[in-house]
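Trainee: Have a look; sequence and predicted model below, questions after that.
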Amino acid sequence: MLTIKCAACKSKIFKYQKVGKGKIITCWNAKIVKDYSKRENGVVKCACGNVIGIEIPKGVRMKQGHFTYSGTITRK
């Protein structure tokens with residue numbers, strides 16, 4: 001389970017179940033356990049207004065450098 005946080009203000013954005021190796025490029029809706037973000041017109045933002053990503057039909061396309069994460073990644 002990963003906790004994805006805003007890089008600017010360090011507030012929580014998602015609790016996310018990551019499986020496998022690699023960077024976080026897309027957060028799939030089925031794997032988002034808890035959502036703390038604000039969504040406006042297809043843009044996912046933090047409470048401070050920092051743009052975290054863009055909504056796509058099955059998830060959120062993340063903007064690299066706009067978020068940080070901590071926790072453990074589940075192996076396949």
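Mentor: Here it is on my side, so go on. Residues are numbered from 1 along each chain as shown.

Trainee: just for the protein, where's the confidence low?
Mentor: 76 (pLDDT under 70).

Trainee: do that again at 90, thanks
Mentor: 1, 18-23, 70-76 (pLDDT under 90).

Trainee: State the distance from Asn41 to Val51.
Mentor: Applying C-beta to C-beta, to the nearest Å, the value for Asn41 to Val51 is 11 Å. Glycine gets a C-beta too; all of them are placed from N, C-alpha and C.

Trainee: So for these two, which residue has more residues nearby?
Mentor: Val51 (12 against 5; other C-beta atoms under 10 Å).

Trainee: That one against His66, yeah?
Mentor: Yes: between Val51 and His66 there is a contact at 6.4 Å, judged by C-beta atoms under 8 Å.

Trainee: so where does the nearest residue to Gly42 once chain neighbours are set aside fall, helix or strand?
Mentor: The shortest distance from Gly42 to any non-neighbouring residue, by C-beta to C-beta, 6 or more residues apart in numbering, is to Glu55 (4.6 Å). Applying DSSP states H and E as the criterion places Glu55 in strand 51-56.

Trainee: Look at stretch 56-74 and report the distance between its end residues.
Mentor: 24 Å (C-alpha to C-alpha, to the nearest Å).
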